[in-house]
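> no sequence on hand, only this structure:
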């Protein structure tokens, strides 16, 4: 069955980096884009951007340009989100979600990875 | 960026009653190909969001017919008839017509 499995919770200090993984299974990885969504504690969903799993080309929403990096390990059907120079406002749960198909919607989501930033 | 304004912010509904959520867009969500990329997601407590409706009014696989999406252009509505306990959570509208894609601010459905 189709699954997106994300890496576990992270506790980091401001200024550090974190790498979150999203491993896909049950479908052809390169047939669907992989998208990232941020949810700060008690807040709504915020679109971060996506990575084209065929070409590896990332696209970032404006708020996520600079310190955020999307990349792939295609041979392992895994997408990654790296956040550099962590700030307090990066503390959130990060979801990966696949999007594609004829009608192009988010049909499967990862469980989310919580990142805590604390000195 | 397209702003999606959801109302109400929260909704308290008696089991068996109807709930209605509005999503108003700052721009038309009809794409040049005639399709409208407006979706509704439900995030139940402690869970990832799940797709309910795509293309304004199409129910995703397994979604009960109690969930009805409607609208066009800039005004959209999600109606939930005969609310059940498992319907509680936060409902988000989402648009993928314009880049960047954007979510509405969410509507929290509580059961009275």
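Perfect, I can see it now. Computed from a prediction, not measured in an experiment: that's the story for all the values here. Numbers count the residues shown, from 1 in each chain, chains lettered A, B, ... in the order given.

> going by C-alpha atoms from here, please, whenever you check contacts or count neighbours.
Noted.

> contacts only, for residue B:13.
For residue B:13, the set of contacting residues under the criterion of C-alpha atoms under 8 Å, 6 or more residues apart in numbering or on different chains consists of B:19, B:83, B:109-112.

> of the residues you listed, closest to residue B:72?
Of all those, the one sitting nearest residue B:72 is residue B:19; the distance, using C-alpha to C-alpha, is 19.4 Å.

> check what pLDDT the nearest residue to the closest one once chain neighbours are set aside gets.
Spatially, and ignoring its direct neighbours in sequence, residue B:19 is nearest to residue B:80 (5.0 Å; C-alpha to C-alpha, 6 or more residues apart in numbering or on different chains). In this model, residue B:80 is scored at 97, pLDDT.

> quick one, strands of chain B?
Under the criterion DSSP state E, strands of chain B are mapped to B:4-7, B:10-13, B:19-25, B:38-43, B:49-54, B:58-59, B:67-72, B:75-80, B:89-95, B:102-103, B:107-111.

> quick one: name the residues of chain B near chain A.
Proximity of chain B to chain A (C-alpha under 8 Å from any C-alpha of the partner chain) is limited to residues B:39, B:47-51, B:54-55, B:100-103, B:105-106.

> which of those residues are buried, as a ChimeraX select command?
The buried subset of the residues of chain B next to chain A, as determined by 16 or more other C-alpha atoms under 10 Å in any protein chain shown, is captured in ChimeraX by this line:
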select /B:39,48,49,50,51,54,55,100,101,102,103,105,106
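
> which of the residues of chain B next to chain A sit farthest apart?
Looking across the residues of chain B next to chain A, with C-alpha to C-alpha as the criterion, the two at the greatest separation are B:47 and B:100, at 24.4 Å.

> now, the most widely separated pair of the contacts of residue B:13?
Maximum pairwise distance among the contacts of residue B:13 (C-alpha to C-alpha): 12.1 Å, between B:19 and B:112.

> higher neighbour count, the two?
Between residue B:19 and residue B:112, counted using other C-alpha atoms under 10 Å in any protein chain shown, the more crowded position is residue B:19 (18 against 9).

> quick one: pLDDT of the more buried one?
97.

> for chain A, see how far away it is.
According to C-alpha to the nearest C-alpha, to the nearest Å, residue B:19 stands 20 Å off from chain A.

> residue contacts, that residue?
When contacts are counted by C-alpha under 8 Å, 6+ apart, residue B:19 touches B:11, B:13, B:79-81, B:83.

> one more: residue B:60?
For residue B:60, the contacting residues are B:51-54, by C-alpha under 8 Å, 6+ apart.
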